[in-house]
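1. dropping the sequence and predicted coords here.
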Amino acid sequence: MSKSSEINPDDAKLIEAGFDPALAPADAIAKLRELRGNPGITDLAIARALGAIADAGAAAMLVAMEAGATGAIRREVRRALYKLKQHGIDAPASNPPAAGAVHDDDSEKSEITAMLSPIDGEGARIVWIVKPRMQGGLIRMWALISEHDGLVGAQNTRLSRRELKSERDELERRAQVKLVDGDWRVADFIACEAWRNTPESRRGQVGNFLALRSELIASPPPTELAHPVYAELAAEAAAEPSAELLKEPELLEWRLPDALLKPYVDEINQAGESVIVLSPMHKQERVNAVIERATKELLTGGNGRRIQRRLEDIAYYLERVGRRAPAGWAAGAAARLRDGIDVTKVLFFQAFIRTQLGTVAAAEQQKAEEEPRLIMTPAEAMRAREARTRRR
């Protein structure tokens with residue numbers, strides 16, 4: 001086979017993952033969007049594939065990828081856009097906060113505002129989107145969002161500006177948090193993303209979100225977000241994220257689901273309880289190997305994308321409350337996940353996963369100390385047998 005006919009290894013992995021260039025354009029673009037961020041799938045391969053799809057949707061996705069991209073990825077995106085232009089497909093105008101969304105008229109953009117709460121330790125937050133009414137007063141969409149459950153609740157309320165301020169002050173007082181003013185398009189994406197992540201079985205419990213949204217926003221729900229933190233915190237995001245970020249309340253209270261962490265915690269515990277006599281050095285090597293694997297597996301694929309999104313939104317909030325240094329660290333961590341950097345080589349991510357695993361291990365140990373043990377591990381059984389032998 002000639003060199004020119006060889007398939008790029010990254011492109012081959014894309015095909016192995018289920019992408020078929022012969023799919024209809026809309027289906028091909030949807031598949032690429034689904035695969036983006038999966039282990040082994042590079043943005044370079046995604047961009048090359050999009051450059052071969054003569055469709056405006058491919059150009060829109062490329063524009064979204066270009067925002068915040070650097071180096072080889074940015075160059076490949078630009079090449080792909082140039083190929084599409086040769087086929088008569090122009091790139092859509094860039095919309096920094098929400099690439100891929102249909103632009104509304106200027107009056108709508110200037111009228112709509114948004115307010116965002118911080119994300120609590122369980123991944124919950126409140127989003128308000130507000131628009132003036134032609135009849136007077138305001139209409140506010142109130143959305144309660146959960147990282148794990150999607151959209152928990154949504155409702156529209158008509159109120160005056162004075163009532164809006166009063167409710168904001170009351171919420172901040174009761175919850176002891178500050179709502180920050182944000183770009184409504186960022187808030188809209190957050191709410192729409194939560195709606196897409198809501199299980200079908202629960203959607204009926206949160207009302208007709210799309211109908212509620214249409215009362216404020218005329219454009220279709222956005223499916224891509226070029227997050228503004230990468231532009232707002234460009235210099236900080238380029239630097240290595242500091243493990244000091246873990247001391248901030250937004251990270252200190254962050255807990256990954258126990259179901260994700262427990263298999264690794266169990267494996268670490270087994271290394272410590274092995275019936276095979278291991279030196280402390282060998283035990284530590286086994287523990288370190290488990291932690292490195294956990295870091296790689298927990299911070300890639302779909303779960304890695306969710307963590308990236310949370311870090312982006314944490315950075316967005318922190319920057320707006322004047323905590324620029326930790327905002328920059330969060331943006332830098334998110335950028336490394338976005339760019340597919342080897343997370344096992346990033347000290348912040350190593351510390352993040354160690355902290356998460358340590359929290360679960362400590363909780364299990366406390367629970368074990370509070371409950372009577374009915375079943376012994378092999379190591380415990382050996383020690384008990386040796387103690388009985390010595391007593392004889």
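-> Nice, thanks for sending it over.
2. drop to CA atoms for contacts and neighbour counts, all remaining ones
-> Will do.
3. now the helices: where do they sit in the stretch 151-300 of the chain?
-> 161-175, 184-196, 200-203, 209-214, 229-232, 234-238, 249-252, 258-272, 280-298 (DSSP state H, counting those that start in this stretch).
4. count of neighbours near L225?
-> 23 (other Cα atoms under 10 Å).
5. nearest to A24, of the helices of the stretch 151-300 of the chain?
-> Closest to A24 of the helices of the stretch 151-300 of the chain, according to Cα to Cα: helix 184-196, at 22.9 Å.
6. surely A294 touches Y264?
-> Yes: in this structure, A294 is within contact of Y264 by Cα atoms under 8 Å, at 6.7 Å.
7. show me which of the two is the more surrounded one.
-> A294 (21 against 18).
8. in the host helix or strand of G302, which residues are buried?
-> Assigned by DSSP states H and E, G302 belongs to helix 301-320. Of the residues in helix 301-320, 301-305, 307-319 count as buried by neighbour count, 16 or more other Cα atoms under 10 Å.
9. domain map for the chain?
-> The record assigns the chain these domain ranges, following automatic domain parsing: 7-86, 106-214, 229-385.
10. looking at those, which is closest to P92?
-> Across these, closest to P92 is domain 7-86 (Cα to Cα), at 6.1 Å.
11. so how far is the closest one off the chain centroid?
-> Averaging C-alpha positions (Cα atoms, centre = their mean, to the nearest Å) puts domain 7-86 20 Å from its chain's average.
12. picking that back up, so the next helix or strand after the helix holding G302 versus helix 301-320, what angle?
-> Once helix 301-320 ends, the next helix or strand along the chain (criterion: DSSP H and E) is helix 324-338. Angle of helix 324-338 versus helix 301-320, following axes from the mean of the first three to the mean of the last three Cα atoms, to 10 degrees, is 160 degrees.
13. wait, L212 touches N156, no?
-> Yes: because the distance of 6.4 Å satisfies Cα under 8 Å, L212 is recorded as touching N156.
14. who touches both of the two?
-> Residues touching both L212 and N156 (Cα atoms under 8 Å, 6 or more residues apart in numbering): M141.
15. find the nearest non-adjacent residue to D11, please.
-> A45 (5.3 Å; Cα to Cα, 6 or more residues apart in numbering).
16. count of residues packed around that neighbour?
-> A45, neighbours per other Cα under 10 Å, totals 23.
17. re the thing from before, and the direction of the helix holding G302 versus that of helix 258-272, what angle?
-> 110 degrees.
18. what are the contacting residues of helix 301-320?
-> Residues from elsewhere that reach helix 301-320, judged by Cα under 8 Å, 6+ apart: 37-39, 116-119, 180-181, 227-229, 250, 298-299, 324, 326-331, 333-335, 337-338.
19. now do stretch 142-153: distance to the chain's middle.
-> 15 Å.
20. only C-alpha atoms, please: export that stretch in CSV.
-> Provided in CSV are the C-alpha atoms of stretch 142-153 (Å, rounded to 0.1, in the frame of the first residue of the first chain):
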residue,chain,number,x,y,z
TRP,A,142,-36.4,29.7,37.1
ALA,A,143,-34.6,26.4,36.6
LEU,A,144,-33.2,24.0,39.2
ILE,A,145,-30.4,21.9,37.7
SER,A,146,-28.7,18.8,38.9
GLU,A,147,-25.5,17.4,37.4
HIS,A,148,-26.8,13.9,38.0
ASP,A,149,-30.5,14.2,37.4
GLY,A,150,-30.6,16.9,34.7
LEU,A,151,-33.4,19.5,34.9
VAL,A,152,-35.2,19.0,38.3
GLY,A,153,-37.7,21.9,37.9
